[in-house]
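>>> Sequence first, predicted model second:
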Amino acid sequence: MALDQRVSLVLRLLLVGLALTSVASTAPARAAEKVALSVDASTTGAKIDRNIFGQFAEHLGHGLYDGIWVGPDSTIPNTRGIRNDVVAALKALRVPIVRWPGGCFADEYHWRNGIGAQRVLTLNPNWGGVIEPNAFGTHEFMDFLGQIGSEAYVSINVGSGTAREAAEWLEYMTTKESTTLAKERAANGHPAPYEVGDLGIGNESWACGGNMTPEYYLSQLKIYSRFVRNFNPAQQDKKQMLKIAVGPGGDGPEWTEWTETIMKAYQHHEWSWDINGLSMHSYTVVRWPPSFASVRFGETEYTQILKATLAMEDLINKHSAIMDKYDPQKRVALVVDEWGAWYAPLPGTNPGFLVQQNSLRDAILAALNLNIFARHADRVRGANIAQMVNVLQAMIMTDKEKMVLTPTYYVFKMYVPFQDATFVPVAFDAGTYTKGDIKLPRVDAIAARDTTGKVWMAMTNLDPNQALEVEANLAGIAPKSATGETLTAPKVDSVNTFEAPNTVVPKPVSAKLQGSKLILKLEPKSVTVIAVEQ
Ligand code: AHR
């Protein structure tokens, strides 16, 4: 973490501590309470990598089939088989990168099944045991990325594949030379090489990816890192493909051992292998198997889930500390390439399809996690919410020709200006919101400066009952105007449905400037993003 970010964090913690002491002695008030924020735009931290707003699209349930891919003969409007409505919605999110084809699916995926005129029908044993038509393969994925303007994060099969199979896939995708594989790619409709931004070397190799020990995985990692090459001439000097190793999936001793093993080896790595990122998976679940309902829940479940999601901060701190030990220059990114809420499957759906609703609670959960990633921008340089469409904490839900945008979608849309913006420290008194024996910070906030000089602030009021009056002192900027949007809804479990798609949508918020002070009200259970122009 950069010095200014550390100072900001220490200030926050001190202020949270002070607030905890003072709130404990006062009865909770219902009228809007005041929150003082202090933004110093003259001090900046790390760049907030746009890839922390990445997405994950696995061959799972209706994540790809029906959700993205309907085929060229569908009556649902599509471009070369890819839904036009979903593409238009995703374009507005400026999705930087999409991780594909899994997940657990990746370690059983054989890429040759998904190219050419005759697709092989296989099974998807991980996710409902259904037939995998392989209609959505390499070319369809790349076409989809082209349509939404995104980059490829390809996870290769380490569990049941071979280094040769993965190396040939990369040659197929990326070489410009007239090899047999490149000619095959051209015959399949794409003479020019594709770009692959990130390469995931396995997925959860400690579990569904082959139940490997860290040492065994490390030996595989070295082989795949050595032989699976990107040949695209445009990616040799600039835009080099980043190799992401499988990393931890929690905070117990087995996970610290995993991170230790990979990072220790990295510290003394030879020229013949390298990594640029270590993945981390962390779902907000409270307990396995996921049992929290995604609909019709109350304030207690709201606070339990938000408490669980805030554990992301400690998890990142823990694994970053190990990474700092072996990589103080922070060459290796921590890539949280699976995160989000995982609830019980919606009744009546195939449990293997991981279908859940998405509520205002999820919007707040998303904002809190994005804020955590932004505060760790020096190490966390990638994250992929699970998943993009129809699966887990989705952006979009579809049912045949119908589509609805979820509350989480709107948070990602409101946060677009933070992509590649520079972190600006914010100090504030987080206060405390209490429900039963759970205490949460009442407010969370981040700020960043974009390349045009605008300062962006994102503020979340976690308290579902109490509005907050924010008075933000803005230093290092001569503010001329402030505009923004807020996302809230009548209840913590409010959702958007096909019938009522606009229950949880952002609305303009009024923010006043008084000299260098920004004054606005944060509605209970809301996420607000403000642009301050000078
Ligand atoms: O996102 C669903 C699954 O969760 C992924 O396939 C796997 O990597 C993780 O366990």
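That came in fine, so what should we check first? Numbering: from 1, shown residues only.
>>> so is the closest residue to residue 105 other than its chain neighbours in a helix, a strand, or just coil?
Using Cβ to Cβ, 6 or more residues apart in numbering and skipping the chain neighbours, the partner closest in space to residue 105 is residue 59 (4.5 Å). For glycine as for every other residue, the C-beta is placed from the backbone atoms N, C-alpha and C. Look at residue 59: counting by DSSP: H, G, I helix; E, B strand; the rest coil, its state is coil.
>>> shift numbering so it begins at 16
Will do, 16 is the new start, and the previous item becomes residue 74.
>>> give me the number of residues near residue 74?
Applying other Cβ atoms under 10 Å, we find 26 residues neighbouring residue 74.
>>> Distance from the helix or strand hosting residue 472 to the middle of the chain?
Taking DSSP states H and E as the definition, residue 472 sits inside strand 470-476. Here strand 470-476 shows a centroid-to-chain-centroid distance of 18 Å under the convention Cα atoms, centre = their mean, to the nearest Å.
>>> mind checking how far the residue in the chain that the ligand sits nearest to is from residue 350?
Nearest residue of the chain to the ligand (Cβ to the nearest ligand atom) works out as residue 118 at 2.7 Å. In this view, residue 118 and residue 350 are 14 Å apart by Cβ to Cβ, to the nearest Å.
>>> Likewise for residue 539?
With distances taken as Cβ to Cβ, residue 539 is found 34 Å from residue 350.
>>> Mind checking which of the two has more residues around it?
For the pair residue 539 and residue 350, the greater number of neighbours falls to residue 350 (30 against 16), based on other Cβ under 10 Å.
>>> Just give the nearest non-adjacent residue to the more buried one, would you?
residue 397 is the one closest to residue 350 (Cβ to Cβ, 6+ apart), at 3.6 Å.
>>> which residues sit against the helix or strand encompassing that neighbour?
Taking DSSP H and E as the criterion, residue 397 maps to strand 395-401. For strand 395-401, the external contacting residues (Cβ atoms under 8 Å, 6 or more residues apart in numbering) are 64, 66-71, 73, 112-114, 118, 168, 213, 259, 292, 298, 331, 335, 348-355, 357, 381, 384, 388, 407-408, 410, 423, 427.
>>> Select only the buried ones of those in ChimeraX?
Buried residues within the contacts of strand 395-401, by 16 or more other Cβ atoms under 10 Å, are selected in ChimeraX with:
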select :64,66,67,68,69,70,71,73,112,113,114,118,168,213,259,292,298,331,335,348,349,350,351,352,353,354,355,357,381,384,388,407,408,410,423,427
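>>> Can you check my assumption that residue 100 lies in a helix?
Yes - secondary structure of residue 100 (three-state DSSP): part of a helix.
>>> residues contacting it?
Counting by Cβ under 8 Å, 6+ apart, residue 100 has contacts 91, 92, 418.
>>> do residue 57 as well
490, 491.
>>> re earlier: turn the contacts of residue 100 into a markdown table, including neighbour count, pLDDT and distance to residue 488.
Putting the contacts of residue 100 into a markdown table (neighbours: other Cβ atoms under 10 Å; pLDDT from 0 to 100; distance: Cβ to Cβ, whole Å) gives the following:
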| residue | neighbour count | pLDDT | distance to residue 488 |
| --- | --- | --- | --- |
| 91 | 17 | 98 | 51 |
| 92 | 12 | 98 | 50 |
| 418 | 19 | 98 | 42 |
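>>> Kindly reformat those residues as a markdown table containing secondary structure.
Formatted as a markdown table, the contacts of residue 100 follow (three-state DSSP):
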| residue | secondary structure |
| --- | --- |
| 91 | coil |
| 92 | coil |
| 418 | strand |
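>>> Distance to residue 522 added to those, as JSON lines?
Below are these laid out as JSON lines (distance: Cβ to Cβ, whole Å):
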{"residue": "91", "distance to residue 522": "30"}
{"residue": "92", "distance to residue 522": "29"}
{"residue": "418", "distance to residue 522": "21"}
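>>> Distance from the chain centre to stretch 362-375, please.
On Cα atoms, centre = their mean, the centre of stretch 362-375 falls 19 Å from that of its chain.
>>> Could you pull out the buried residues of that stretch?
With burial defined by 16+ other Cβ under 10 Å, the residues of stretch 362-375 counted as buried are 367, 368, 369, 370, 371, 372, 373, 374, 375.
>>> Stretch 276-296 too?
Neighbour counts over stretch 276-296 (16+ other Cβ under 10 Å) mark 277-278, 280-281, 288-296 as buried.
>>> Show me the residues you listed that map onto helices.
277, 278, 280, 281 (DSSP state H).
>>> of those residues, list those near the ligand.
Checked against the ligand using Cβ under 6 Å from any ligand atom, these yield no neighbours at all.
>>> Sketch out the strands for the stretch 316-465 of the chain, chain order is fine.
For the stretch 316-465 of the chain, the strands defined by DSSP state E, counting those that start in this stretch cover 348-356, 395-401, 411-414, 417-420, 437-439, 441-443, 447-450, 453-456, 458-464.
>>> So which elements touch the fifth one?
Taking 3 or more Cβ pairs under 8 Å, 6 or more residues apart in numbering; DSSP states H and E as the contact definition, the neighbouring helices and strands of strand 437-439 are strand 458-464.
>>> mind running it again at 10 Å?
If you count contacts as 3 or more Cβ pairs under 10 Å, 6 or more residues apart in numbering; DSSP states H and E, strand 437-439 packs onto helix 18-39, helix 375-390, strand 458-464, strand 470-476.
>>> Enumerate the residues of the stretch 316-465 of the chain near the ligand.
So far as Cβ under 6 Å from any ligand atom goes, the stretch 316-465 of the chain lies against the ligand at 353, 401, 402, 407.
>>> 8 Å instead?
353, 357, 369, 401, 402, 406, 407 (Cβ under 8 Å from any ligand atom).
>>> what's the burial count for the fourth one?
The reference is to residue 401. 25.
>>> does it have beta-bridge partners, and which?
Bridge pairing for residue 401 (DSSP bridges) gives the partners residue 71.
>>> got it, and the first one?
With beta bridges defined as DSSP bridges, residue 353 has these partners: residue 296.
>>> Run through the residues that contact it.
71, 73, 114, 117-118, 218-219, 264, 294-298, 398-402, 407 (Cβ atoms under 10 Å, 6 or more residues apart in numbering).
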